[in-house]
Every structure is written in C-alpha cells, then in structure tokens.
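Undergrad: Need a 3D model of the following:
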Amino acid sequence: MTEPVLGIAGVVLLALAIVALFLRPRRSKGRMVDAGLAAGAGLLGLAIGLVVADRVHRPEAVLAAPTEPAAPSTGYVESRLSLQFPADDEYPTGAGEANVADWYALRNSISYTPPADEKTGKPPDQMLKLLTDASWSWLIVVAFDRPTQYSRIDVTFTGGQLPYYQIARQNLRYAIIHVQGRIPAGQMDIVASE
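TA: Numbering: from 1, shown residues only. Predicted coordinates for the structure are as follows:
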C-alpha cells in the first residue's frame with residue numbers, strides 16, 4: 001500500500017523542484033546554486049520513484065526466492081570410481097563411477113641417469129631401475145558430485161601389487177590418494193564406505 005504512495009510522492013517532489021526553480025525569487029546573481037539544489041532534489045525524487053516502481057512490478061518468484069541456498073544433505077551417498085591402468089606407465093582411463101563429478105590422475109616421475117664416471121658399486125642398468133622406481137608417484141584426486149558422509153575410503157587393485165598408498169586428504173566433497181611408486185597394469189577401485 002505504501003509503495004504507490006512513495007512513488008507518487010517521488011514524482012511530485014521532482015515536479016515541485018522544477019517549478020520552484022522557475023518561481024522562487026532570485027537570491028543569488030547566478031542561478032547555479034538554485035539549479036543544483038533543484039536538480040539534486042528532483043533526481044532524488046525520481047530515484048525513489050523508480051526504486052519503488054521496480055519493487056511493485058517485480059515478479060513474485062523473485063520476491064519469494066530464498067536469499068541463502070539450502071544446505072545440502074550430508075548423508076552417505078554411494079561413491080566409487082574404477083580406473084583402468086594400462087601397461088608402460090600410461091595415464092588411466094575411467095572404467096565406471098558413481099557420485100563422481102570429476103577425477104584426475106597426476107603422475108610425477110623423475111628421470112635420472114648417473115654419469116658414466118660415477119662409482120656406485122652397481123651396474124648402470126640396476127642403478128637406473130633403483131632410482132626410477134624410487135622417484136615415481138601418483139596423485140589421484142576424486143571430486144564427489146554430491147557431498148557424502150563416509151567413514152573410510154577403500155582402495156583395491158587387481159592385476160598386480162599396488163605400491164604403498166595413503167589417503168592424503170579427504171572431506172565431504174573430495175578425496176586425494178597418494179601412491180608411492182609405479183602402478184602396474186590393472187584396475188584400481190576406489191570406494192567410499194559408510
């Protein structure tokens with residue numbers, strides 16, 4: 001009820017400011033001060049009128065929309081990811097997933113060949129294998145589509161011996177698994193359990 005009244009009052013204030021500019025007696029030699037005051041009051045009235053008019057004609061869906069998003073439920077959601085690792089240390093491909101928005105497999109490897117004149121006590125090929133096996137690692141990042149309340153993450157591997165791994169970080173939205181060493185050809189299953 002008050003919105004139309006405020007809108008009309010804003011338009012009336014604009015009209016009065018313009019009329020007062022021409023009808024009031026001159027107090028100063030320049031009309032710059034009078035014109036500035038009238039224009040300022042008129043613009044204020046116009047702004048009030050426009051804001052009120054916008055509020056009156058706004059759709060009900062916009063007015064009724066909640067200001068804060070609803071909190072997502074944090075119950076358990078079945079979450080799993082299967083990765084197929086090919087031979088020759090190539091990047092894996094996804095073989096199946098549930099409640100996974102995205103995943104990444106990041107490989108870190110360092111190639112080092114000792115100089116020929118370095119005395120290691122081991123044949124060069126054996127030394128190279130030892131150094132490259134020790135410098136490989138993988139980070140597997142799993143981002144869940146919906147937040148899930150889980151108690152643990154199980155990692156299983158079929159096709160060979162999985163090197164030492166640990167769950168580096170985890171929360172309701174993601175998990176990061178660090179694998180120290182080369183991953184042989186096979187399938188890795190990552191499952192978030194209740």
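Undergrad: in this structure, which spans are strands?
TA: Under the criterion DSSP state E, the chain contains strands at 79-85, 93-98, 100-108, 137-144, 152-158, 165-170, 174-180, 186-193.
Undergrad: Okay, buried residues for the first one please.
TA: By that I understand strand 79-85. By 16 or more other C-beta atoms under 10 Å, the buried positions in strand 79-85 come out as 79-83, 85. C-beta coordinates here come from the backbone N, C-alpha and C atoms, glycine included.
Undergrad: What of the second one?
TA: By neighbour count, with 16+ other C-beta under 10 Å as the criterion, the buried positions of strand 93-98 are residue 97.
Undergrad: follow-up on the earlier one: out of the buried residues of strand 79-85, which one sits closest to residue 188?
TA: Using C-beta to C-beta, residue 83 comes nearest to residue 188 of the buried residues of strand 79-85, at 4.6 Å.
Undergrad: ok so, going back, in a markdown table: the buried residues of strand 79-85, plus distance to residue 97 and pLDDT.
TA: As requested, the buried residues of strand 79-85 are exported to a markdown table (distance: C-beta to C-beta, whole Å; pLDDT from 0 to 100):
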| residue | distance to residue 97 | pLDDT |
| --- | --- | --- |
| 79 | 9 | 93 |
| 80 | 7 | 94 |
| 81 | 5 | 95 |
| 82 | 7 | 95 |
| 83 | 9 | 95 |
| 85 | 15 | 92 |
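Undergrad: Widest-spaced pair of those?
TA: So, the buried residues of strand 79-85 by C-beta to C-beta: farthest apart are 79 and 85, at 20.1 Å.
Undergrad: what's the closest of the strands of the chain to residue 16?
TA: Nearest of these (C-beta to C-beta): strand 100-108, 59.5 Å.
Undergrad: So for the closest one, mean pLDDT?
TA: Averaged across strand 100-108, the pLDDT comes to 92.
Undergrad: and what of stretch 152-171?
TA: 91.
Undergrad: dump the residue contacts of residue 185.
TA: By C-beta atoms under 8 Å, 6 or more residues apart in numbering, residue 185 lies in contact with 85-87, 159-160.
Undergrad: repeat that with 10 Å
TA: 84-90, 92, 159-160 (C-beta atoms under 10 Å, 6 or more residues apart in numbering).
Undergrad: where's the residue nearest to it when sequence neighbours are not counted relative to residue 18, distance?
TA: Closest residue to residue 185 apart from its sequence neighbours, by C-beta to C-beta, 6 or more residues apart in numbering: residue 87 at 4.3 Å. To residue 18, residue 87 is 84 Å away according to C-beta to C-beta, to the nearest Å.
Undergrad: who's more crowded, the two?
TA: residue 18 (15 against 9; other C-beta atoms under 10 Å).
Undergrad: any idea how this structure splits into domains?
TA: The chain breaks down into these domains under automatic domain parsing: 2-64, 79-193.
Undergrad: among those, which gets the worst mean confidence?
TA: What stands lowest among the domains of the chain, in mean pLDDT terms, is domain 2-64, with a mean of 65.
Undergrad: Which of the strands of the chain sits closest to residue 8?
TA: strand 100-108 (52.4 Å).
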